[in-house]
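Chemist: okay, here's the prediction I keep looking at, along with the sequence it came from:
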Amino acid sequence: MVKKQRVSRQPLKMVDVSDKPVVKRIAEAEGKIWLQPETIEKIRRGSIEKGDVFSAANIAGILAAKKTPELIPLCHLIPLSKVDISFNVHEEYVTAKCTVVGECKTGVEMEALVGVSTALLTIWDMVKSLEKDEKGQYPHTKIGEIRVLKKIKKLI
């Protein structure tokens with residue numbers, strides 16, 4: 001028999017950053033989407049039915065980074081001065097990278113992670129018709145290795 005343990009629950013709250021100084025903050029996150037070689041070749045040729053995969057993923061990632069506090073409940077609304085999304089195409093996967101810059105009192109890692117995740121999801125959406133098998137499943141397609149590559153704080 002498993003003994004139940006009582007869990008102490010604290011109320012959720014946003015962290016108070018009002019006394020922290022405004023500093024320049026940079027975060028860079030990356031992730032990968034694995035695709036079938038035929039799909040990657042069509043992306044390279046620009047022959048995806050929905051259109052330019054990287055243009056769509058770029059805009060989606062930028063918009064998502066800007067909307068991070070609407071998606072993650074306790075994130076602060078912070079002014080972003082730059083969101084940059086880049087892509088590298090490999091034989092079996094595509095790497096997306098999101099760099100976010102802001103002058104603020106708290107970090108921009110969540111914005112970079114949300115930006116790169118959304119860019120990868122958009123790539124999946126753009127190519128999903130090519131990735132489905134005969135049963136409508138995605139046996140080869142996966143997103144992973146999403147991580148923060150670096151975060152930097154610089155005094156202004």
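Modeler: The structure has been received and is ready for your questions.
Chemist: can you pull out the helices in the protein?
Modeler: Along the chain, counting by DSSP state H, helices occupy 37-45, 53-66, 68-71, 109-131.
Chemist: what's in contact with the second one?
Modeler: So the one you mean is helix 53-66. 43, 50, 71, 80, 83, 85, 87, 96, 98, 100, 111-112, 114-123, 126-127 (C-beta atoms under 8 Å, 6 or more residues apart in numbering). C-beta: built from backbone N, CA, C; applies to glycine.
Chemist: tell me the buried residues in that helix?
Modeler: 53, 54, 56, 57, 58, 60, 61, 62, 64, 65, 66 (16 or more other C-beta atoms under 10 Å).
Chemist: residue contacts, the closest residue to residue 90 other than its chain neighbours?
Modeler: Nearest residue to residue 90 in three dimensions, chain neighbours excluded: residue 40, at 7.8 Å (C-beta to C-beta, 6 or more residues apart in numbering). By C-beta under 8 Å, 6+ apart, the contact list for residue 40 reads 89, 90, 91, 92, 93, 94.
Chemist: any idea how far the last one is from residue 8?
Modeler: Right, the one you point to is residue 94. Residue 94 sits at a distance of 44 Å from residue 8 (criterion: C-beta to C-beta, to the nearest Å).
Chemist: so the two - more neighbours on which side?
Modeler: The neighbour count for residue 94 versus residue 8, taken as other C-beta atoms under 10 Å, is higher for residue 94 (23 against 4).
Chemist: for this protein, which residues score under the pLDDT cut-off?
Modeler: Within the chain, the ranges that satisfy pLDDT under 70 run 1.
Chemist: count of residues packed around residue 6?
Modeler: Around residue 6 there are 5 residues (other C-beta under 10 Å).
Chemist: ugh, wrong one, residue 86
Modeler: Applying other C-beta under 10 Å, we find 15 other residues in the vicinity of residue 86.
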